[in-house]
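1. Okay, predicted coordinates and the sequence, questions at the end:
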Amino acid sequence: MRFIESVEELELRLATPSVRDLDSIRRIEGDLIVLGAGGKMGPSLARRIQRAAKEAKASLRVFAVSRFSSADRAKELTREGIETIACDLLNRDEVRKLPLCANVLFLSGRKFGSTDRPDLTWATNTMIPAHVASHYRASRIVVFSTGNVYPQVKLDSGGSLEGDAPCPVGEYAQSCLGRERVFEYHSQRHGTPCLLFRLNYAVDLRYGVLVDIARKVYAGEPVDLTMPAFNVVWQGDANSYALRCLEYCTSPARPMNVTGPEIVSVRRAAEFFAREFKREVLFRGEESERALLSNASLCHSLLGYPEVALGELFAWVAHWVARGGESLNKATMFEVANGRF
Ligand SMILES: NC(=O)c1ccc[n+]([C@@H]2O[C@H](COP(=O)([O-])OP(=O)(O)OC[C@H]3O[C@@H](n4cnc5c(N)ncnc54)[C@H](OP(=O)(O)O)[C@@H]3O)[C@@H](O)[C@H]2O)c1
């Protein structure tokens, strides 16, 4: 197996378009804008699209919008030919000045700190969608959402399906359902084609559920079993799905679960890393019979399985953590079962 040895290699891997991406971008008409591009996923997503456009000789402009509190991040994107715009999406007047594009990938959101500032979480996750859905009513929009809109389900259920009733636990998850509802309303009202991209845990080696577990095991800290299982997907695959979902936007808006095909046991994952690191594994908490799980068979049937298999992802994470690879120090808090982030 070929491992990833450096941040440069990781960035390259995340941003290299697949054959499917190239096919899709050849069919997509019009410019593309990524809103909320300054976070964990946006930069590699924007770069992947820009590279796909270049390789496919597709003549579209790619814009990346965020507050860009880190100016370096904006500069890195500009160097690649992406047009960056600093904008506070909470400000409706600023949103109205954004260039109209046929294709929108909406990533903006707020999760951590939701317990301390629920007002800011609700504003970010529901007011920004209102500004964006109104300004981009003539576009097609892939709206990043989360599997947290579902209730926790039994481990043998196979995970929640798109047709299951949402039942979000806690204010973060409730505000994410609010985000979906705002886009659904505008989709109905203006006929805007939308897809609600219910993502469960992207892994990029610097962060993600597998990384959280691996780092705990490596440091000899106990792994919490309260949330006993999870789904994950390689961030490069999540990026690819996001781009290709533009072709599946509909009015009324349709939800789509986006994650890998496996339900992964926290205990088994920790035991794997313990073997790799030759360490003892410590556990804490009671394993519940329920977990936050999604069934992404619709995504896989329309867009194919992820290109990076779960076993490969495990091996990459183990190698990265053991060699002291960079961490964003942003824990996913996947073990939180009461919805308080
Ligand atoms: N990563 C995952 O595994 C995962 C799982 C489920 C769902 N999601 C959802 O997928 C989306 C993208 O994920 P992510 O991990 O990249 O999230 P993230 O790291 O939180 O990035 C979201 C970005 O949105 C931007 N933003 C927030 N408020 C803004 C404002 N007022 N104006 C302009 N930009 C604003 C921020 O960039 P600036 O600071 O530059 O403004 C922020 O970095 C998020 O909505 C997240 O909730 C992610």
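-> Sure, I can see it. Numbers count the residues shown, from 1 in each chain.

2. For the closest residue to V258 other than its chain neighbours, what are phi and psi?
-> Of all residues not flanking V258 in the chain, L199 sits nearest, at 4.8 Å (CB to CB, 6 or more residues apart in numbering). Every residue, glycine included, has its C-beta placed from N, CA and C. Dihedral pair for L199: phi -90, psi 140, per degrees, to the nearest 10.

3. and L199, how many neighbours does it have?
-> 25 (other CB atoms under 10 Å).

4. Equivalent analysis for L313, please.
-> 22.

5. Is stretch 113-133 in proximity to the ligand?
-> Yes - residues of stretch 113-133 contacting the ligand under CB under 6 Å from any ligand atom: T124.

6. Extract the C-alpha trace of that stretch and format it as CSV.
-> Coordinates of the C-alpha atoms in stretch 113-133 are reproduced here as CSV (Å, rounded to 0.1, in the frame of the first residue of the first chain):
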residue,chain,number,x,y,z
GLY,A,113,-19.5,26.3,20.5
SER,A,114,-23.2,25.8,19.9
THR,A,115,-23.9,25.2,23.6
ASP,A,116,-22.2,28.5,24.5
ARG,A,117,-23.7,30.6,21.7
PRO,A,118,-26.8,28.9,20.4
ASP,A,119,-28.0,32.2,18.9
LEU,A,120,-24.9,32.4,16.7
THR,A,121,-25.3,28.8,15.6
TRP,A,122,-29.0,29.4,14.7
ALA,A,123,-28.1,32.6,12.8
THR,A,124,-25.3,30.9,10.9
ASN,A,125,-27.3,27.8,10.1
THR,A,126,-30.6,29.3,9.2
MET,A,127,-30.2,33.1,8.4
ILE,A,128,-27.3,32.6,6.0
PRO,A,129,-29.3,29.9,4.1
ALA,A,130,-32.2,32.5,3.8
HIS,A,131,-29.8,35.1,2.3
VAL,A,132,-28.1,32.6,0.0
ALA,A,133,-31.3,30.7,-1.1
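
7. quick one on the thing from earlier: was I right to think the residue nearest to V258 contacts T259?
-> Yes - L199 lies in contact with T259 (CB atoms under 8 Å); the separation is 6.8 Å.

8. any shared contact partners between these two?
-> Both L199 and T259 are contacted by 147, 233, under the criterion CB atoms under 8 Å, 6 or more residues apart in numbering.

9. what bridges to the residue nearest to V258?
-> T146, V258 (DSSP bridges).

10. how close does it get to the ligand?
-> Using CB to the nearest ligand atom, to the nearest Å, L199 is found at 4 Å from the ligand.

11. and what of P129?
-> Remark: distance between P129 and the ligand (CB to the nearest ligand atom) = 10 Å.

12. looking at it, that residue is touching R179, isn't it?
-> Yes - P129 is within contact range of R179, at 4.9 Å (criterion: CB under 8 Å).

13. which parts of this protein sit against the ligand?
-> 36, 38-42, 66-69, 87-90, 107-111, 124, 144, 146, 199, 201-202.

14. all helices of the stretch 51-200 of the chain, in order?
-> In the stretch 51-200 of the chain, the segments counted as helices under DSSP state H, counting those that start in this stretch are 71-79, 92-96, 118-122, 128-135, 170-190.

15. Restrict the longest one to CA atoms and write it as PDB.
-> Written as PDB, here are the backbone C-alpha positions of helix 170-190 (Å, rounded to 0.1, in the frame of the first residue of the first chain):
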ATOM      1  CA  GLY A 170     -29.700  19.200  20.500                       C
ATOM      2  CA  GLU A 171     -29.600  22.700  19.100                       C
ATOM      3  CA  TYR A 172     -26.800  22.200  16.600                       C
ATOM      4  CA  ALA A 173     -28.700  19.300  14.900                       C
ATOM      5  CA  GLN A 174     -32.000  21.200  15.100                       C
ATOM      6  CA  SER A 175     -30.500  24.300  13.500                       C
ATOM      7  CA  CYS A 176     -29.100  22.000  10.700                       C
ATOM      8  CA  LEU A 177     -32.600  20.700  10.000                       C
ATOM      9  CA  GLY A 178     -33.600  24.400  10.000                       C
ATOM     10  CA  ARG A 179     -30.900  25.000   7.300                       C
ATOM     11  CA  GLU A 180     -32.500  22.200   5.200                       C
ATOM     12  CA  ARG A 181     -36.000  23.600   5.700                       C
ATOM     13  CA  VAL A 182     -35.000  27.100   4.600                       C
ATOM     14  CA  PHE A 183     -33.500  25.800   1.400                       C
ATOM     15  CA  GLU A 184     -36.500  23.500   0.900                       C
ATOM     16  CA  TYR A 185     -38.900  26.400   1.300                       C
ATOM     17  CA  HIS A 186     -37.000  28.500  -1.300                       C
ATOM     18  CA  SER A 187     -36.700  25.500  -3.600                       C
ATOM     19  CA  GLN A 188     -40.500  25.100  -3.500                       C
ATOM     20  CA  ARG A 189     -41.100  28.800  -3.800                       C
ATOM     21  CA  HIS A 190     -38.700  29.600  -6.700                       C
END
